[in-house]
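1. Show me the folded form of this:
(chains A and B)
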Number of protein chains: 2
Amino acid sequence: MINIAILGGGVVGSGVFEVINKNSDSISKRAGKKICVKKVVDIRKFDPNIYGDVLTARADDVFEDESIKIVVETIGGVGFAYEFTKKALSLGKHVVTSNKELVATHGPELLRMASDNGVHYLFEASVGGGIPIIRPLNQCLAANELYEIEGILNGTTNYILTMMKKEGKDFSVALKSAQENGYAEANPIADIEGYDTCRKLAILSSIAFNEFVDFNKIYTEGITKISVEDMNYADEMDAVIKLVAIGKREGARIFVRVSPLLLKKSNPLANVDGVFNAIVVKGDAIGDAMFYGRGAGKLPTASAVIADIIDVVKNPEKSGRNIWEIPANDNIIPINECETAMFIRIDGDNSVALKAVVAQIFGDVKYINSPDSNSVNNEIAFVTKTINEKDMKVNIDQLKSAPDVKNVISTIRT
Amino acid sequence: MINIAILGGGVVGSGVFEVINKNSDSISKRAGKKICVKKVVDIRKFDPNIYGDVLTARADDVFEDESIKIVVETIGGVGFAYEFTKKALSLGKHVVTSNKELVATHGPELLRMASDNGVHYLFEASVGGGIPIIRPLNQCLAANELYEIEGILNGTTNYILTMMKKEGKDFSVALKSAQENGYAEANPIADIEGYDTCRKLAILSSIAFNEFVDFNKIYTEGITKISVEDMNYADEMDAVIKLVAIGKREGARIFVRVSPLLLKKSNPLANVDGVFNAIVVKGDAIGDAMFYGRGAGKLPTASAVIADIIDVVKNPEKSGRNIWEIPANDNIIPINECETAMFIRIDGDNSVALKAVVAQIFGDVKYINSPDSNSVNNEIAFVTKTINEKDMKVNIDQLKSAPDVKNVISTIRT
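-> Take a look at the predicted model:
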């Protein structure tokens, strides 16, 4: 038997507790030992039927108990979670977590600390909820030089975008629906501004490219400016709009970006709808592989946490192999040096004059027909050639200040 | 350093040799040791530039060499491959393979033998080519009670079906194209009759449901009878036709079937085209997860083989955990006891008379409009209710012998 403790009895923590107890027999069989939750630490009160007498408000009940070998950190954030993780690792306890913020922020330090103490620090649940992605990257694709990852990593924003597309609801209505259905938090900023996706991309990139990718350096744009009209235009282009995270190895440096993106419908990611997540991984031997599933939720996340726990139980000695070196030189390509094409919608009094302005600034572009055939306004929409992001910004600023342009309605990368 | 040998220098064997040498640095880093291919065994002649002086025709060069710890079996089939695998395992050498036929046929014996000898018998590459699926089932989803797997497991048939659908080519033309492009063998029977898919389903089911599933007991139907007209009807139903493998836990028994299937276009498997494979796994905690990628080919398969090699190098001691028990009682539900709905096309002189026959035999059915609006024949097409397979067979036989029915053109499950 092996004793574990869960720090944080919230949604994910309670899911871990529930699944370990429900599937106890098969989990024990696969782990080779019975896994027993000896303590759940939380300062909040819970219905006594949930945790019974394993609940405690004292984290020291875990740290002082030498029989507890594995600590599941499901507190979230970088406050107590950080302190408790360091304490557990320094005491020689393995730590398993779903905390993407902590991994993205302090991953190099915590992985090093785990290695120094001969224990594991595992975080399969930090990206993609229940989808197995961290372990496949680390193990199953280990024969490959991975050169690109591309993913839909946030269920909340994908739910909102799907609802906007399928039901024609405005962003604010779709957001409200996501909140009512428990897919978005009361404060949805981390999701809708792309911050959550950004942290997950940092973790995936650090693993895929074997060096630490600092999330602070990832260009990140959320979905708050996307409209139903943009989606209708996308449909005209046989495309959809998704919040896409991209990481690419480019020589000695790495290109990383989180932004809304026009994806052709033939792209496997284009068909990933609702709260589902998917990650496409490209390697020199495997070609393209995709992993798809529920990117969040109590039980899927618990499934990933428990997979890590079983791994620790089966391989307690195989620890500290994964270290994220902080690169000596800046390894992230600044967004200004990257290239992109852009879908742009502008409005003015005279579409002929608008097109003249566009030609002058962008040269040749591809015009997109209005999806609203009854439209009587002078809005025009086009896709630029692929150019440097710095030049793109200059051009868009020029567009904004051109006398014939009333409004730059949308700018979405493609 | 660790020495390995490759038995069989054909497509997969040469891919393993190539990738190990090409990505030597990163593979060594991940494995923790340098992996050296000491021998490649094959009785055929090769260009000396391929294998150099590691090539030998004597398998005993491997068995007699105690420094060779891992044997990669890429011979295929159940003849020499079976004998050599047993010999290697009995000598305490780990065996890694891509040989689905051998695993499906002798898996229980070989896994037991590996366990008895304290070594690994691993076969990630036997299903799904480069797609990580065996390890995710065994490890990443270990917290789940898995209750269903559903997959497109054969790239050849999926390439043919995709070509038929997208280019309107007949089966024979599409098969020829597959052969010309190296996606189908000169003798394509194992692929097009579903036997390859059947063996892969047996392997996946044995892992997912924790007991041996004998491929001989899996109802298997290939794609040779599928026509472009069937695909056009499918389109009318907002569906596509795929060769689908299904395994489902049903109480103490298991439902397994390989057959062409009408899949709604909203099904994630419906969008899997060309030589790609995909496997949907359903578990009580994770919900649905899908794994997608190249299901065959030299380098993707090599990628999976090498992932297993790295696993052995990292965890030589963690062996023999997976045993497939042969169940005491017959664990497979006979096809006659299963249920299905069927899409049926029949032809006759008088469509009114045909419908009367259909009503008499099948009761209420859903008629499908002809996709060819210029059609002047009396063909009718319909989907039956879900009934027992035994009754379905009786009904179809009755249909065939009904005086007004000239021909039962197609029967495809849905």
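2. need the residues of the stretch 1-150 of chain A near chain B, please.
-> Counting by Cβ under 8 Å from any Cβ of the partner chain, the residues of the stretch 1-150 of chain A close to chain B are A:15, A:19-20, A:22-23, A:26-27, A:29-32, A:124, A:130-132, A:135-136, A:138-145. From N, CA and C alone the C-beta is placed, and that goes for glycine too.
3. hmm, try it at 6 Å
-> Within the stretch 1-150 of chain A, the positions adjacent to chain B are A:19, A:23, A:27, A:30, A:130-132, A:135-136, A:140, A:142-145 by Cβ under 6 Å from any Cβ of the partner chain.
4. farthest pair in these?
-> Largest separation among the residues of the stretch 1-150 of chain A next to chain B by Cβ to Cβ: A:23 and A:145, giving 37.0 Å.
5. What residues does the stretch 151-300 of chain A have near chain B?
-> Residues of the stretch 151-300 of chain A lying close to chain B (Cβ under 6 Å from any Cβ) are A:271, A:285-287, A:289-290, A:292-294, A:299-300.
6. Could I get the pLDDT score of the nearest residue to residue A:252 once chain neighbours are set aside?
-> Sequence neighbours aside, residue A:331 is the residue nearest to residue A:252 in space, at 7.4 Å (criterion: Cβ to Cβ, 6 or more residues apart in numbering or on different chains). Looking at residue A:331, its pLDDT stands at 94.
7. Sticking with residue A:242, tell me its helix or strand.
-> Following DSSP states H and E, one finds residue A:242 within strand A:239-250.
8. roughly how far is that strand from the heart of the chain?
-> A distance of 11 Å separates the centroid of the chain from that of strand A:239-250, by Cα atoms, centre = their mean, to the nearest Å.
9. What residues of it count as buried?
-> Buried residues in strand A:239-250, defined by neighbour count with 16 or more other Cβ atoms under 10 Å in any protein chain shown: A:239-249.
10. How about the contacts made by residue A:287?
-> Going by Cβ atoms under 6 Å, 6 or more residues apart in numbering or on different chains, residue A:287 touches B:294, B:300.
11. partners of it in the sheet?
-> Residue A:287 has these beta-bridge partners by DSSP bridges: residue A:283.
12. Enumerate every residue touching residue A:124.
-> Residue A:124 is in contact with A:134-135, A:304, A:307-308, counting by Cβ under 6 Å, 6+ apart.
13. Out of the residues you listed, who's the most crowded?
-> residue A:304 (32 neighbours; other Cβ atoms under 10 Å in any protein chain shown).
14. Confirm that that one sits in a helix.
-> Yes. Assessed by DSSP: H, G, I helix; E, B strand; the rest coil, residue A:304 belongs to a helix.
15. can you tell me which residues contact it?
-> Taking Cβ under 6 Å, 6+ apart, we find residue A:304 in contact with A:124-125, A:130.
16. Skipping its backbone neighbours, what lies nearest it in space?
-> Of all residues not flanking residue A:304 in the chain, residue A:125 sits nearest, at 3.7 Å (Cβ to Cβ, 6+ apart).
17. ok, now residue A:396?
-> Once flanking residues are discounted, residue A:396 sits nearest to residue A:411: 6.0 Å by Cβ to Cβ, 6+ apart.
18. which secondary structure elements does the strand or helix carrying the one you found contact?
-> Mapping residue A:411 onto the secondary structure by DSSP H and E places it in strand A:405-413. Strand A:405-413 sits against strand A:253-264, strand A:342-348, helix A:389-401, with contacts defined as 3 or more Cβ pairs under 6 Å, 6 or more residues apart in numbering or on different chains; DSSP states H and E.
19. tell me the pLDDT at the residue nearest to residue A:271 when sequence neighbours are not counted?
-> Nearest residue to residue A:271, sequence neighbours excluded (Cβ to Cβ, 6+ apart): residue B:271, at 5.3 Å. The confidence metric pLDDT takes the value 91 at residue B:271.
20. So residue B:271 sits against residue A:270, correct?
-> No. When contacts are counted by Cβ atoms under 6 Å, residue B:271 is not listed as touching residue A:270 (9.1 Å).
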